[in-house]
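**Q** using only what follows, build the 3D model:
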Amino acid sequence: MYHQPVLKNRRTLLERADKFISDVYFTDSNLRGRLYADSCPLESLTSFLCPKRITFTEASKQNFVPYKVGDTFGPTYVILSDFISIFIPSMLGTNPSLMLVQGGGLAAMVWRDGQPVQGLTKEGEKTSYIVSECLTDEVPHSVTLYVEMACNGLFGAGQGSMIAAPDLNKTFSVQRAELVVFNRDVRKLLTDFEMLVDIVKELGEGEQRSYQALYTVNEMVNLCDPSDPSSFSKVHSLAQNFFSQRNGESQHTVHAMGHCHIDSAWLWPYEETIRKCGRSWVTVIRLMEKNPEFVFTCSQAQQFQWVKSWYPGLFSQIQHYVKKGQFIPVGGTWVEMDGNLPSGESMVRQFLEGQRFFSQEFGIHCKEFWLPDTFGYSAQLPQIMNGCGISNFLTQKLSWNLVNTFPHNTFFWEGLDGSKVLTHFPPGNSYEMKGKIEDVMKTVKQNKDKGRANHSAVLFGFGDGGGGPTQLMLDRLRRVQDTDGLPKVKMSTPARLFSQLQADSALLCTWTGELFLELHNGTYTTQAQIKQGNRQCETLLHDIEIASCLALCQDRTFQYPAEKLQELWRLLLLNQFHDVIPGSCIEMVVEDALRYYEDIRNDGAALLNDACGALGSKGDAAGLFNSLPWERHEVVQIQDGAGKPGLGMSDTYGIRYVVTFQTTTSYLMLCAISATAALVQVPSVGFVYYSFNTGTLTSVAPFVGFREAISDSSHGNQFVMFDDVPLYWDAWDVMDYHLQTRKPVEQVVQPVHVVSSGGLRGSVSFSLRISEKSTITQEIIMDAMCPYIKFSTEVKWAESHKFLKVEFPVRVHSPNGTYEIQFGHLQRPTHRNTSWDWARFEVWGHKWADLSEHNFGVALLNDSKYGYSVHKNTMTLSLLRAPKAPDANADMGMHHFTYAVMPHSGSFQDASVIQCAYNLNFPLRLFQCSPDTVPWSAFSVNNEAVILETIKQAEDRNGALVVRLYESHGSSVNATLCTSFPVKEAWHCDLLEKQHPTQQAHITSEGITLNFSPFQIVSLLLIL
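**A** Predicted coordinates for the structure are as follows:
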């Protein structure tokens, strides 16, 4: 057959093919217009509205009323349930595929025969449900469906933009609901055309293979008659001939894995996430039934727990496909938590709860940590991963860096203690690819480790708001498994990917230290009440576990509250999700989170009271519980016999109870007022001189003759305000240019005046006006025997896009500041020599930061803050932000918090800065006991470098405790753990409490002897 020669007009041929499959142009005559054939309306539509989520059984019993397409429902987050009757008329043919097509902005779930069968989401390209794969006379022509719809879209209901605060009065409608005949052969051809057109576009004019694809797709248009299905087979054969031309052996291999990243809360509340999981995962199961090679990866044990509770039938199906190796739980954590703000012990519990759940429900142990969307990664994560049996790590978030491009995609990540994990950043820089040619080509082109790594991951499926993979994505990837000019594509698993990367790892580079995200550093400060709730509840659960262990060993009839503690821990871990504790969530989520913290506080207080009550006989004497393993001399608030408040000096050693107080002491507090200043003298602390007008410090010295801490002509405790308008991500970002807008807070409402001037405590107070709507009231406190000055602060905050910080310019010159992180500390530069340095203008830390030169330094402590900046000699603590999206009321209201400044001689290690920060955060707890209760110490450590962090009951072993210690100074040391408990045996165990069979700890008359390398975490199983 004679053909006219093809003219080399690339544009016309490419656009011709594009328009042939367009859903906008020429649909009356192109192939796309033939995708759906005959249609008919549904037999009946009825519905009812419900303000909250209910079970299917409850929903099916409700009173449904008729409605028609186009009717509106609402408001936002209300649940609409449809009852749909379908009669399939014979006019639709004898052998078609039939689909229920439902349009609108609602996220929906189809139920059939009492079980969920399909998710429907407009943004997730799932707007139809196949009622019948193949209609025959034997198939019932009458079908009843229930459709549960949430009055919100895939990404919530933002007013004007995706991340704006939700419009809670928004209404929604079903815009289309009908039965149509779906043409599978047309869908197959459309995929062929789409893939070839994309190959032409992606390979470009410089590649011969691009022109081969162009001429192939052009010939397909010539052969295809959309009105004549008999032409389709020849057209499909042309495409198959192209796709079947094979690659060479050296071609890059793409490991394709289905994925559906679901934020446990973000622009929607926790309750909506339960529905998102159900909608997304039931769709995955349907795909697995039709595609036995399909593999789907899924993280977050909490979400599995939700599905188990709300959709038990679906959960059973998931268990079936987990056994088959298609539905793969990954990550090993309770939720995909924030990588910066949770404490070290919280991170351990994320893995402990997650790995135990996956083991109990599926019989699997995750070997890879999966955290694709959090805002930075602590340098202690590699050691924590290793301690939980995990050797591989996958994320992609550092591709969001605003300043510097991270230099690797596949590398070894070395943590603070030297632990290493094999790490992979998918080069496509996404966890929600669509299986398109663009996706697989980006994976090759953007691979920064060409020549070192020839395998990489493509995670495909709609994410963040759920949705997951589609059949179209699978069809796309199936076309190009081994096609010349493209990377090889194979359906794979995390285990196969990392196994291949490990086998070829000889040339891989190593990155040492934290993985710092150069973006979203406003999340260290946003939603201060959430961050305070997290810190306080971490502290409370720590104390409950220790007190309960002491009670258990004192009284064997005491019931350790294991189940209740697990419940409270899981609530805390849930709130550490990477859009909750950072504060980047809507107000409904904030309200849920604060309610969960209140539940933890209330239930935790009862547990702590029970444990303390079991430790001593009842009485009206005041006792103290010290949950820290060192001696403490502190001023505490007590009540005298008449119930009047007073102060007492405590003297405690180790983890113990103390029942006597020194209420009159030799520590004398002197106070004098001059016309310009208030002078408070504490012999055991030193002299502090305050500016009378604004409450700032002009001088700080721990004792007479000691080196001055505040810089010349500068003021410490200087409150400063900044304009805080980011480029887009309001709750997330603070930009570098905000530093150019610094304004000191200097307007005095109430001048400095003396509050307390004698006995054990000296304090002054003052108030400042931030603006017409916002004020600061602060009490500056100096206690006897306390090496730091506390600043008890109350802020009435009603600002918009402002940032409040407090500054301490100090007489220290050092190129690096030191910040506490999980189970240790790290240094960051105080200069801005390089782009990597100045990109860290706002950083995160936990309970303390320190700036030291040889033999002198200043530490900044806090009880609930995480944002810091140390530039040159100015130490800054970030206090409050005021973003307006996605929560229009973020941080508005009253705030109470405490920070402290601590000048010290020597290094911060020798000055016990670490212990002081613990003291500030772990208060001595008062309880009532008998006057004859004997004080006793349960645990202590003989080396100050070693912190005893945790004491808890072992998970799976009666009569055993788990204790966790870490080396905090960055040194190699020997230490002895001293205990009054009758320990029979002590064994090393991992962070999941699995005993090391050959590593028994040595017990001597002094205690348990241990060796530590720098920042090493050691867990022991104590057999009593």
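**Q** for the residue nearest the centre of the chain, give its distance to Lys397.
**A** When CA atoms, centre = their mean is applied to the chain, the residue found nearest the centroid is His578 (2.1 Å). Distance, His578 to Lys397, using CB to CB, to the nearest Å: 9 Å. In short, each C-beta sits where N, CA and C put it, glycine included.
**Q** which ones are touching the residue nearest to the centre of the chain?
**A** Asp263, Val335, Glu336, Met337, Asp338, Gly339, Leu371, Asp373, Thr374, Phe375 (CB atoms under 8 Å, 6 or more residues apart in numbering).
**Q** quick check: neighbours shared by His578 and Lys397?
**A** Here His578 and Lys397 have Asp373, Thr374, Phe375 as joint contacts, going by CB under 8 Å, 6+ apart.
**Q** show me what the longest helix anywhere in the chain is packed against.
**A** If you go by DSSP state H, the chain has its longest helix at helix 587-615. Under the contact definition 3 or more CB pairs under 8 Å, 6 or more residues apart in numbering; DSSP states H and E, helix 587-615 sits against helix 528-554, helix 562-574, strand 925-929.
**Q** now do 6 Å
**A** On a contact count with 3 or more CB pairs under 6 Å, 6 or more residues apart in numbering; DSSP states H and E, helix 587-615 meets helix 528-554, helix 562-574.
**Q** quick check: which of the ones you listed is nearest to Leu507?
**A** helix 562-574 (38.1 Å; CB to CB).
**Q** which parts of the closest one are buried?
**A** Residues of helix 562-574 classed as buried by neighbour count (16 or more other CB atoms under 10 Å): Leu565, Leu568, Trp569, Arg570, Leu571, Leu572, Leu573, Leu574.
**Q** go ahead and confirm the second one touches Ile600.
**A** Yes - shown here, Leu568 and Ile600 form a contact pair, counting by CB atoms under 6 Å, at 5.0 Å.
**Q** re earlier: got the helices and strands packed on helix 587-615 as TSV, with distance to Pro426 and mean pLDDT columns?
**A** What follows is the helices and strands packed on helix 587-615, written out as TSV (distance: least, CB to CB, whole Å; pLDDT from 0 to 100):
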stretch	distance to Pro426	mean pLDDT
helix 528-554	30	96
helix 562-574	26	98
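**Q** need the contact partners of stretch 347-366.
**A** Residues outside stretch 347-366 that contact it (CB atoms under 6 Å, 6 or more residues apart in numbering) are 301, 322, 329-334, 337, 384, 388-389, 569, 573, 822, 991-992.
**Q** next step: the residues you listed restricted to strands.
**A** If you go by DSSP state E, these have Pro329 in strands.
**Q** one step back: show me which of the contacts of His578 is closest to Val65.
**A** Of all the contacts of His578, Asp263 has the smallest distance to Val65: 34.1 Å, by CB to CB.
**Q** ok, now how distant is the closest one from Thr374?
**A** Noted for Asp263: a distance of 11 Å to Thr374, by CB to CB.
**Q** of the two, who's got more company?
**A** A count of neighbours by other CB atoms under 10 Å puts Asp263 above the other of Asp263 and Thr374, at 25 against 22.
**Q** spell out the residue ranges of the strands in the stretch 901-1024 of the chain.
**A** For the stretch 901-1024 of the chain, the strands defined by DSSP state E, counting those that start in this stretch occupy 925-929, 936-941, 946-953, 960-967, 973-979, 985-989, 995-1000, 1002-1003, 1008-1012, 1017-1023.
**Q** one step back: what would the shared contacts of His578 and Lys397 look like in TSV with secondary structure?
**A** Putting those into TSV (DSSP: H, G, I helix; E, B strand; the rest coil) gives the following:
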residue	secondary structure
Asp373	coil
Thr374	coil
Phe375	coil
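**Q** and which of the residues you listed is nearest Leu267?
**A** Asp373 (13.6 Å).
**Q** burial check on the closest one, number of neighbours?
**A** 18.
**Q** any idea how far it is from Thr297?
**A** Using CB to CB, Asp373 is found at 14 Å from Thr297.
**Q** go on, Gln529?
**A** 34 Å.
**Q** look at these two and report which has more neighbours.
**A** Remark: of Gln529 and Thr297, Thr297 carries more neighbours, 24 against 20, as counted by other CB under 10 Å.
**Q** so how far is Arg595 from the more buried one?
**A** Counting by CB to CB - Thr297 and Arg595 are separated by 32 Å.
**Q** paired strands for the host helix or strand of Val806, with orientation please.
**A** Using DSSP states H and E, Val806 sits in strand 802-809. In the sheet, strand 802-809 lines up against strand 718-723 (antiparallel), strand 874-881 (antiparallel) (DSSP bridges).
**Q** in the chain, what secondary structure element scores lowest on mean pLDDT?
**A** The weakest-scoring helix or strand in the chain, judged by mean pLDDT, DSSP states H and E, is strand 670-673 (a mean of 22).
**Q** could you list the low-pLDDT ranges of the stretch 501-650 of the chain?
**A** For the stretch 501-650 of the chain, applying pLDDT under 70 flags the ranges 617, 639-650.
**Q** before we move on, the earlier item: for the contacts of His578, which one is nearest Ala938?
**A** The closest of these, once distances to Ala938 are taken by CB to CB, is Met337, at 30.7 Å.
**Q** much appreciated, bye for now.
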